[in-house]
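Chemist: model this:
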Amino acid sequence: WGEGTTLYGNYVINKGVTVTITGRVTVTEGASVTISGGGTIKRGTESAYLNLPGKSSNTRTPSVLTVTNITLDGYKIKAQHSMIYNGNSGSELNISNCVIKDCVTTRSDEGGAIKMFGSTLNIEGSTFSGCSAGGKGGAVNVSGISSQNPVNVTVKNSKFTSNTAPSGGVFRFFSAIANITDSEFTDNSASKGGGGAFYIESASVLTINSGTFTGNTASSNGGAIFMHTETSVNVYGGYFLNNTAKDVQSDIYSNSSSSAIVVDIKKANIPTRTGYAFTGWQGSNGTTYLVGEKSTINEPIALVANW
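Modeler: Down below sits the predicted model:
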């Protein structure tokens, strides 16, 4: 698929087949496109990417791209854009049962694999590894239109490993409402700033329902999660272990009293670890937030899971 290729309808790339993209490949505005089949889409040049436009300018119909059971291989090429780029609002991207690897962009405002602006993102049953970006969000960078017009992000049963960026090793959320369920974040890193896995800002709300967060690192604060001003993190489940920032244990960090961390892990969601018991969260303010008790924290703080 070369520069100027337009996608419309359904495409099947069978297992063992590789399609190399060499320029901008665009979903038809207002169309619904599905790519499936078990094969591979490989980046061939630094200018190659899949372009997801916004709503149709005529009918206002959303543009929808669904990628199922496909490997997206960025081939470690330092590209001008994310592997999948959405720069206009009102669209939808669905990623399911995919392998996304080695997607790299030098851009500071895009993720290595995905950039979304004002559009919905759903990820399920997929793996992201070896992705990196020049700014925030090594794998995925999501922005809402404004703090009053956030976008929705859903992540289920997915794995994110060895992704990196200066801040937000995996995700950067700006005016987004994100729900994370049964997903794994392992050995991701923020090389210059905060958030080994997540960097959230501008009225974003991140809800952790379940999952594992292990071995993520940040050079400043928030080994797993960094919260900027006026953001919220709800922790209803999840296994946090060996996440570090500045070489000390650090799972969640908030830099502002205008942000809120809600920890409310019920008995049914208590994480397990052989030989240890999870007892709650230790705060840098000296307070222990006990498991089974709902706590809302409105102050600059670092939290570490107590085992």
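Chemist: quick one, phi psi at the residue positioned nearest the centre of the chain?
Modeler: Nearest to the geometric centre of the chain sits F171, at 3.3 Å (Cα atoms, centre = their mean). Per-residue torsions, F171: phi -120, psi 140 (degrees, to the nearest 10).
Chemist: my read: it touches A133, true?
Modeler: No. At 10.8 Å, F171 does not count as touching A133 under the criterion of Cβ atoms under 8 Å. In this view, the C-beta of every residue, glycine as well, is placed from N, C-alpha and C.
Chemist: what sits in contact with each of those two?
Modeler: Contact with both F171 and A133 is made by residues G111, A139, N141, according to Cβ atoms under 8 Å, 6 or more residues apart in numbering.
Chemist: Just the buried subset of those, please.
Modeler: Buried positions within the shared contacts of F171 and A133, assessed by neighbour count (16 or more other Cβ atoms under 10 Å), are G111, A139, N141.
Chemist: Can you report phi and psi for the second one?
Modeler: Spelled out, that is A139. With angles defined as degrees, to the nearest 10, A139 shows backbone torsions of phi -100, psi -50.
Chemist: Against T34, how distant is it?
Modeler: As for A139, its distance to T34 is 22 Å (criterion: Cβ to Cβ, to the nearest Å).
Chemist: do S146 as well
Modeler: Noted for S146: a distance of 31 Å to T34, by Cβ to Cβ.
Chemist: just checking, what packs against the helix or strand of the chain with the lowest mean pLDDT?
Modeler: Confidence across the helices and strands of the chain bottoms out at strand 272-273, with a mean of 92, counting by mean pLDDT, DSSP states H and E. Here strand 272-273 is seen to pack against strand 239-241 when contacts are counted using 3 or more Cβ pairs under 8 Å, 6 or more residues apart in numbering; DSSP states H and E.
Chemist: List the neighbouring strands of the strand it packs on plus their orientation.
Modeler: Based on DSSP bridges, the strands next to strand 239-241 in the sheet, each with its direction, are strand 211-214 (parallel).
Chemist: next SSE after the partner strand?
Modeler: Scanning the chain past strand 211-214 towards its C-terminal end, the next helix or strand to appear is strand 217-218 (assignment: DSSP states H and E).
Chemist: Okay, now the sheet partners of that next one, with direction.
Modeler: In its sheet, strand 217-218 lies beside strand 189-190 (parallel), strand 244-245 (parallel), with partners assigned from DSSP bridges.
Chemist: what about it, distance to the chain center?
Modeler: Strand 217-218 sits 16 Å away from the centroid of its parent chain (Cα atoms, centre = their mean, to the nearest Å).
Chemist: go on, stretch 243-261?
Modeler: With Cα atoms, centre = their mean as the basis, the distance from the averaged C-alpha position of stretch 243-261 to the chain average is 18 Å.
Chemist: could you point out where the protein is predicted with low confidence?
Modeler: Regions of the chain meeting the criterion pLDDT under 70 cover residues 59.
Chemist: Endpoints of stretch 181-196, how far apart?
Modeler: 18 Å (Cα to Cα, to the nearest Å).
Chemist: for the buried ones among the shared contacts of F171 and A133, which one is nearest V304?
Modeler: Nearest to V304, judged by Cβ to Cβ, of the buried ones among the shared contacts of F171 and A133 is A139 at 24.5 Å.
Chemist: how close does that closest one sit to L303?
Modeler: If you measure A139 against L303 using Cβ to Cβ, the figure is 24 Å.
Chemist: go on, T127?
Modeler: When Cβ to Cβ is the yardstick, T127 and L303 sit 27 Å from each other.
Chemist: So these two - more neighbours on which side?
Modeler: Relative neighbour count places L303 above the other of T127 and L303, with 28 against 15, counting by other Cβ atoms under 10 Å.
Chemist: quick one: contacts for that one?
Modeler: If a contact means Cβ under 8 Å, 6+ apart, then L303 has D251, I252, Y253, I261, V263, W281, Q282, G283, S284, Y289, I297 as its contacts.
Chemist: out of everything not next to it in sequence, what's closest to the fourth one?
Modeler: Just to be clear, that refers to I261. Of all residues not flanking I261 in the chain, I297 sits nearest, at 4.4 Å (Cβ to Cβ, 6 or more residues apart in numbering).
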